[in-house]
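**Q** Below are the sequence and a predicted model for it; my questions follow.
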Number of protein chains: 2
Amino acid sequence: MVGNYLTDMSSLINQEISNYLPTENAPQILLDAMNYSLTAGGKRIRPIIAMATYEAFGKKPIDILPLAINIELLHTYSLIHDDLPAMDNDDYRRGKLTNHKVYGDAIAILAGDALLTHAFGNLAKYLKDFSNLSLQNALQLIEEFAQYSGAAGMVGGQVLDFLGDQKETSFDDLLYIHTHKTGDLLVFSFRMGAILAGATQDQLTQITSFGKKLGLAFQIQDDILDVIGDDEKLGKKVGSDLANQKVTYPFFKGLEQSKEEVRTLIDTAKMDIKDIGIDTTNLYEIADFLVKREQ
Amino acid sequence: MVGNYLTDMSSLINQEISNYLPTENAPQILLDAMNYSLTAGGKRIRPIIAMATYEAFGKKPIDILPLAINIELLHTYSLIHDDLPAMDNDDYRRGKLTNHKVYGDAIAILAGDALLTHAFGNLAKYLKDFSNLSLQNALQLIEEFAQYSGAAGMVGGQVLDFLGDQKETSFDDLLYIHTHKTGDLLVFSFRMGAILAGATQDQLTQITSFGKKLGLAFQIQDDILDVIGDDEKLGKKVGSDLANQKVTYPFFKGLEQSKEEVRTLIDTAKMDIKDIGIDTTNLYEIADFLVKREQ
């Protein structure tokens, strides 16, 4: 089901990711907690997207691994905080106990804080070695990382997701949640790869449009899987969103219409980057993976 | 008691700080929660330190306000998270309800996350306008911001503080907590001002040493105030650290010895920067303020 490219990239990232945690002078329990969630599996789709986009411009993806991996650090912090009792109150993720179930709420909050902080520090650190980029572009990349993951991005999406339930969440709210909570960091992943590769403004615009459509398709697909998915493959209780009174895309649009919209989003997304002078092979594979995935 | 310099700088920062929050496309309740804690008062000593250090090199402090203010954003996130029920479980700070008492635990966690994220984004954004700095130095500054505030810095200190009580915390642990939980961000504040001013390596070393001593003195003084302070002026219940079984410096060293160490630290700190070719006036005022302050 999953192409070799994605499997190989995922293995590479899994092999390397622990090397990007701080090693000195930090409390061991904090490092353990950070490492626990960082190595708990997952698709690694965000750093893969950044590396594959970079590669689409004829570059070697391994060269930006130390930069791309920080998106995974940031994504991991968001999962740890989302799972907390004060938020989604989840005991399991990917079949393993959530961070706070192992280390307690306080250490889980602090492990998330440290991963978030380290994502920015590492990005700055490894950008120093990345000589292709101007000062303005390097700082712009860090600024965007914060925009897409902050109050007007991922965190903002999580706020509306937390506040929402079927009685109060409108379809517009749901679109905001899907666009920001999950979509924004995916969009940033594409942009990181393109910016590091020296994309033109036009290429960047098209890749951003591609990423936005994929981000929304990914989230709608996630909603669909929650309705029709399989317990074991997802590693969480199917139907838990409905049980928690969470609003989903199929709740508003129905299952078939939701599926149709995913297909349309993927098809039109592919058109966005078809003729911008890059090798689309791996990006198309990612697009297909995002809507075919079973976990 | 407090010199005009510190009062004026503090007023300036209070006047400007809300302008550095995101304004668009973020949920209103999130912006309200961020703004609530950001404008809840406080000494603003961290951005003042950065600006005063910059000024000590003959520069105009106002020029780095948009950079220095991000240390206050980061400090504010750490207070919000520290106050959470899962950590210190404080209902009041500076005489006002803590963030989670007003907005709930989930929004408080997310407001902290957003402030932390925004601190890095803003720093990168305004460094783009700061033409004095090379690419390497700009990225180094962001990397240091993360180091001093992350797992091996402020967050690490908070972890040990959370885990510690009088039965388990050694004097070495207490030194680790004081050095990292509070000291590191103060040290970074001095370094930011010096790096932005183009300090030589030797000047930076001496200013860092000055900052480390002041950071420790500040924290010992905080412990002393907790023992002998006045409810109203501190805005929290005096003796609460002892009541919570928190280890303090006087617990190990006694009150008089603790006071003596504060004086020695301040005196030797002043020697560090006496002959490095900068105007020490305001930095000495800050040193004195840190140990004379009543709140």
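**A** The structure has been received and is ready for your questions.

**Q** quick one: what helix or strand has the residue lying closest to A:Gly153 once chain neighbours are set aside in it?
**A** Spatially, and ignoring its direct neighbours in sequence, A:Gly153 is nearest to A:Asp184 (4.1 Å; CB to CB, 6 or more residues apart in numbering or on different chains). Backbone N, C-alpha and C define where each C-beta goes, glycine included. Assessed by DSSP states H and E, A:Asp184 sits inside helix A:184-196.

**Q** ok, now A:Ala199?
**A** Counting by DSSP H and E, no helix or strand carries A:Ala199.

**Q** rewinding a little: what's downstream of the helix holding A:Asp184, the next helix or strand?
**A** That would be, after helix A:184-196 and using DSSP H and E, helix A:201-228.

**Q** other SSEs contacting that following helix?
**A** helix A:184-196, helix A:240-243, helix A:249-253, helix A:255-272, helix A:281-292 (3 or more CB pairs under 8 Å, 6 or more residues apart in numbering or on different chains; DSSP states H and E).

**Q** A:Leu84: which of those is closest?
**A** Smallest distance to A:Leu84 across the helices and strands packed on helix A:201-228 (CB to CB): 16.1 Å, for helix A:240-243.

**Q** related to what we said a few turns ago, report the angle between the axes of the helix holding A:Asp184 and helix A:281-292?
**A** 180 degrees (axes from the mean of the first three to the mean of the last three CA atoms, to 10 degrees).

**Q** name the helices or strands packed onto helix A:184-196?
**A** Judged by 3+ CB pairs under 8 Å, 6+ apart, helix A:184-196 is in contact with helix A:45-56, helix A:65-83, helix A:135-149, helix A:154-163, helix A:201-228.

**Q** would TSV of those helices with distance to B:Tyr77 and mean pLDDT be doable?
**A** As requested, the helices and strands packed on helix A:184-196 are exported to TSV (distance: least, CB to CB, whole Å; pLDDT from 0 to 100):
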stretch	distance to B:Tyr77	mean pLDDT
helix A:45-56	23	98
helix A:65-83	12	98
helix A:135-149	13	96
helix A:154-163	11	94
helix A:201-228	26	94
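
**Q** Dump the ones you listed to a markdown table, plus mean neighbour count.
**A** Below are the helices and strands packed on helix A:184-196 laid out as a markdown table (neighbours: other CB atoms under 10 Å in any protein chain shown):
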| stretch | mean neighbour count |
| --- | --- |
| helix A:45-56 | 26 |
| helix A:65-83 | 24 |
| helix A:135-149 | 22 |
| helix A:154-163 | 24 |
| helix A:201-228 | 20 |
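
**Q** What part of chain A, helix or strand, is modelled with the least confidence?
**A** Ranked by mean pLDDT, DSSP states H and E, the weakest helix or strand in chain A is helix A:231-234, scoring a mean of 48.

**Q** In contact with A:Phe188, which residues?
**A** Contacts for A:Phe188 (CB atoms under 8 Å, 6 or more residues apart in numbering or on different chains) come out as A:Ile71, A:Glu144, A:Phe145, A:Tyr148, A:Ser149, A:Gly153.

**Q** go again using 7 Å as the cut-off
**A** Contacts for A:Phe188 (CB atoms under 7 Å, 6 or more residues apart in numbering or on different chains) come out as A:Ile71, A:Glu144, A:Phe145, A:Tyr148.

**Q** A:Pro47 now?
**A** A:Pro47 neighbours (CB under 7 Å, 6+ apart): A:Ile13, A:Ala68, A:Ile69, A:Ile71, A:Glu72.

**Q** What is the most widely separated pair among these?
**A** Of all pairs in the contacts of A:Pro47, the most separated under CB to CB is A:Ile13 and A:Ile71 at 10.5 Å.

**Q** now, which of the contacts of A:Pro47 sits nearest B:Leu30?
**A** Using CB to CB, the contacts of A:Pro47 come closest to B:Leu30 at A:Ile71, 21.9 Å.

**Q** and A:Lys259, how many residues sit next to it?
**A** Per other CB atoms under 10 Å in any protein chain shown, the neighbour tally for A:Lys259 reads 18.

**Q** From chain B, how far off is the nearest residue to it once chain neighbours are set aside?
**A** Leaving out its chain neighbours, the residue that sits closest to A:Lys259 by CB to CB, 6+ apart is A:Ile224, at 6.3 Å. From A:Ile224 across to chain B, the span is 26 Å (CB to the nearest CB, to the nearest Å).

**Q** so A:Ile224 makes contact with A:Thr248?
**A** No: in this structure A:Ile224 lies outside contact range of A:Thr248 using CB atoms under 7 Å: 8.2 Å.

**Q** Is it correct that A:His184 is in contact with A:Val155?
**A** In this structure residue A:184 is Asp, not His. No: with contact defined as CB under 7 Å, A:Asp184 and A:Val155 do not form a contacting pair (9.6 Å).

**Q** Give me the common contacts of the two.
**A** By CB under 7 Å, 6+ apart, the residues touching both A:Asp184 and A:Val155 are A:Ser149.

**Q** Point me to the helix or strand that includes A:Tyr5.
**A** Counting by DSSP H and E, A:Tyr5 is found in helix A:4-16.
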